[in-house]
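In: can't give you the sequence, but here's the structure:
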């Protein structure tokens, strides 16, 4: 696979969208050298944004993670998460003060609370008293007991028909160099298949995620066109196909999900073709 | 199923999005009385737009169909089609003057030509000379020979890896009161499954379709919010789930795909819940 | 839905295959009156067999359940379980004394041990020492910690390529009148989807389950033909389609999964057509 | 990929099952040298059978193809086709003289006529007069007009609920060195998906196909055990997984669908593991 240097690619764009996991960070922390990329972009005056299928943490917390690692310029307003789309959904579609049940940590429920809803963890739901529960959200794969709460979710949704949202489209995520874990999007698939229902899902590759970031970019560069933005990601099925479809140029980096060994075969077997392939998003100054 | 009168629902909104087939028209022509709905909306000053998963005809032709039937106010700028998203895609992502092969009628290829591309019908493609072909589009289920051209499409995409778009997500459509026909989205499913590839699809329920219409609505009502728009459709899996996800209120009408007899069971088995259910979009003045 | 009396149907056959759950028993115990059916069949000299997608218990234990409830004639040799197919598979395909890892209870692993294999529960597997593990079996949805052992199964199968079998094709099962639980077949779906691998599955509607019972019936009625056997079940997608495909006549009973209210719509929407529909398998003497 | 010589593998078995396409023949005719394999097997007294997902031709015609190419010992009784399972199905499940509509050539309908049914090609069906039509069969991808008859099949099955069988599970097949064609199993998928119905499918990897051949082998070698039979095929998803599941040993040959370059990656990504891998089934004497 012939790759291009990230520097030679990125300097032709007026804004950059980064996927987080596999591009900026991995299981051990920041990808070594990535801070130089941000130094470069800031010097060149190219604004950047982080688009993440993560509904387990608030944008504040997600930003703080970078700041704690010596990157003070990655502020909350640079972060666009699938959790924000879920929040926006509830803000628009549900009257204030309704009760939304959820699967996830207490922290992940914060997105719903900011949207003005009352929340109840699935473990606290009484299946005999569902009158007040208006909606359901899949938020995080942690914070509940898989032995009981997956079945309880299924039975809640069998007993009462309600709108269900999934705040993260990912099926799994890496936990360390060798292992992965089922993500809340994978659990939602299981529940959807057993119930035969259709949930509303938020996150890449869906257009709404890119729209959210595009609206943010237009604040910084008012006349920016879609094709003047570069989407940088490590996953063909979320970052690259989503970016292509939204009209962005796309750079696949080989520092995460897609490995140098199989990038070529993955591109040709999936038919998902990035504009560029780069070894990583690191720019050495 | 308890229904609401469409008049009592629609008057609370600042703009309306209509699905076409099953809402405004059916196999016999206009739905009787629907012109009164437009008279009502115009009198009230509520702007309206038609969102259609149709890439077989240009917006001009789609508008002319209504004008020929006594509705002069449904002008080209009121029509948003999935073909327009395909056009926009090629305009942004492909340099001018490239060659796009397609499955469909010559008329449907118009969308590509407006985008500045050269086009070639699959029947005219020489499988031994693919150098110049850069992309492929599924546009219409007519205009080619199913006996040969579906296989030829499959072999073209096996021989050369290229970006493929599908300009209509529908699997089938009604041809008369009793019968349906496979739509180009259904053919694309067949090809995708045989190849194991992933195509880019345009049309409801995808957010981009709603975004296109929302941008149009903001021209007419600059400060309009999503929840001030009503999406009216006859199909839960495209119009209603897509409208809900985009943050619109939704009205399911029972004049098309979803029948009065099974609306309740379809809503409860799918978990896709419209804001309102109305018998039809007809307002009797 | 017009139904036939089970007595008028069954007396024309030379052998009967019964599904267990929803036909002979439910969450509360035996279906009231079902013992009279067996008295009738014995009097008429019509042999019967129980075909169950159950790999959590041995045939001995499954038979004992009926015997404990006053049906001494339901002996081990009357029971055909999907676990027996799994056992047969390992007996044939794996040399004696190999190690098979499993998800399930210690009791469910009995099927593997009878097949001459050594077994190790997924919780006891060391992911850094997989040399000796030769195969994997999904056996039961209990007996392990869902919080850890589903992910561990996924990572085991990522680290080492091995043959995987699923000893129960069911996705879920009823736990009481109102609630269901994810079955091991549902968990296997989740794992299969995340890995992109293809497991070997045993149980109805697969032909091997019916073949096992047919071979048993030929011991009792040596010249029996397939069409002289009646398959009785409550589920269209396992009992009825499987029986039809194997060449048996089929009776759908409305005492379990398929309710009197929706039998007609389920038959017409699925296209799976039983030879007969009966209210239940109970014969009142 | 380390391979074994086919001779060293096959001599340890008491019977052999061969897939046809990609193993014994390809688009140009017999695989060069394959006749020596049959000479070897006959000398050793190892009986062999051909298992093919082909319902377009009768076993007589399939056998004649080999005989015309200098292999007089491949007689009709050596051939087991998925069409024979379809025939058996109709013989058992449908009273004589009923009418079965079909998609395919007149020749392919022969299987139904031998089963004692009257047949009608879909092109001759009158959608306003369906009273007499009792069942439907997908038989071949040729012999009809794809432009009209696929839609007509869909509408027939919408208007009248009937049992539908698919006599070939393959999705596509090679037509020459570079190109493939949609098989009738692929068309059945399309129709099934549009209708939301569930058809009965015959052919590998299903157990019934292997059972048919096993019963034939038991005539020649009465005490033969499953593990004494070798299944030889070029396709992991039909020949190998089906053979493994039925308890046979399996040899993947690299002369067809699975190429030497990607055999290793296909085995590890699918988790379908053959007992042996051989370059081809040719034995050089």
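Out: Good, I have the coordinates. Please read all numbers here as calculations on a predicted model, not as lab measurements.
In: Report the closest residue of chain A relative to chain D.
Out: residue A:265 (7.8 Å; Cβ to the nearest Cβ). Backbone N, C-alpha and C define where each C-beta goes, glycine included.
In: if you skip the residues just before and after it, what's nearest to that residue?
Out: residue D:265 (7.8 Å; Cβ to Cβ, 6 or more residues apart in numbering or on different chains).
In: ends of stretch A:224-234, how far apart?
Out: Separation of the first and last residues of stretch A:224-234 by Cα to Cα, to the nearest Å is 24 Å.
In: pLDDT on it, on average?
Out: Stretch A:224-234 shows a mean pLDDT of 97.
In: buried sites along it?
Out: A:224, A:226, A:229-234 (16 or more other Cβ atoms under 10 Å in any protein chain shown).
In: Give me the neighbour count for the residue of chain A closest to chain D.
Out: 12 (other Cβ atoms under 10 Å in any protein chain shown).
In: Next, it: secondary structure please.
Out: Using DSSP: H, G, I helix; E, B strand; the rest coil, the structure places residue A:265 in helix.
In: Also residue A:272?
Out: Relying on three-state DSSP, one would call residue A:272 coil.
In: Distance check, the residue lying closest to it once chain neighbours are set aside against residue D:60.
Out: Of all residues not flanking residue A:272 in the chain, residue A:236 sits nearest, at 4.3 Å (Cβ to Cβ, 6+ apart). In this view, residue A:236 and residue D:60 are 49 Å apart by Cβ to Cβ, to the nearest Å.
In: Same check on residue A:65?
Out: 72 Å.
In: Mind checking which of these two has more residues around it?
Out: The residue with more neighbours, out of residue A:65 and residue D:60, is residue A:65; 16 against 11, by other Cβ under 10 Å.
In: Just list what the host helix or strand of residue A:62 packs against, helices and strands only.
Out: Here residue A:62, judged by DSSP states H and E, is contained in helix A:59-67. Applying 3 or more Cβ pairs under 8 Å, 6 or more residues apart in numbering or on different chains; DSSP states H and E, one finds that helix A:59-67 contacts strand A:79-81.
In: Helices along chain A, start to end?
Out: All helices of chain A, identified by DSSP state H, fall at A:6-10, A:34-44, A:59-67, A:82-93, A:110-114, A:146-159, A:184-195, A:207-220, A:241-246, A:263-270.
In: hang on, the earlier thing: how confident was the prediction at the residue of chain A closest to chain D?
Out: 91.
In: Intersect the buried residues of stretch A:224-234 with the contacts of chain B.
Out: Counting by Cβ under 8 Å from any Cβ of the partner chain, residue A:226 from the buried residues of stretch A:224-234 sit close to chain B.
In: give me every residue that touches the most centrally placed residue in chain A.
Out: In chain A, the C-alpha nearest the mean C-alpha coordinate belongs to residue A:53, at 1.2 Å (Cα atoms, centre = their mean). By Cβ atoms under 8 Å, 6 or more residues apart in numbering or on different chains, the residues touching residue A:53 are A:81-82, A:168-170, A:185, A:203-204, A:209, A:238.
In: What residue, apart from its backbone neighbours, is nearest the residue of the stretch 51-200 of chain A found nearest chain B spatially?
Out: Here the residue of the stretch 51-200 of chain A nearest chain B is residue A:197; by Cβ to the nearest Cβ that distance is 3.5 Å. Nearest non-adjacent residue to residue A:197, counting by Cβ to Cβ, 6+ apart: residue B:271, 3.5 Å away.
In: who touches that neighbour in this structure?
Out: A:157, A:161-164, A:195, A:197-199.
In: Inside strands: which ones of the residues you listed?
Out: A:163-164 (DSSP state E).
In: Just the buried ones from the contacts of residue B:271, in ChimeraX syntax?
Out: Here is the ChimeraX command that selects the buried residues among those (16+ other Cβ under 10 Å):
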select /A:157,162,163,164,195,197,198,199
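In: ok, residue A:28 - how many residues close by?
Out: Applying other Cβ under 10 Å, I find that residue A:28 has 9 neighbouring residues.
In: next one: residue A:216
Out: 18.
In: just residue A:278 next, same as before
Out: Neighbours around residue A:278, by other Cβ under 10 Å: 21.
In: just residue A:72 next, same as before
Out: 10.
In: ok now do the residue nearest to residue A:272, which residues does it touch?
Out: Residue A:236 neighbours (Cβ under 8 Å, 6+ apart): A:252, A:258, A:266-267, A:270, A:272, A:274.
In: Now rank the residues you listed by neighbours and give me the top one.
Out: residue A:252 (29 neighbours).
In: excluding its backbone neighbours, what's nearest that one?
Out: That would be residue A:274: by Cβ to Cβ, 6+ apart, it lies 3.9 Å from residue A:252.
In: could the contacts of residue B:271 be laid out in a markdown table, adding pLDDT?
Out: As requested, these are arranged in a markdown table below (pLDDT from 0 to 100):
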| residue | pLDDT |
| --- | --- |
| A:157 | 97 |
| A:161 | 96 |
| A:162 | 97 |
| A:163 | 96 |
| A:164 | 97 |
| A:195 | 96 |
| A:197 | 96 |
| A:198 | 96 |
| A:199 | 98 |
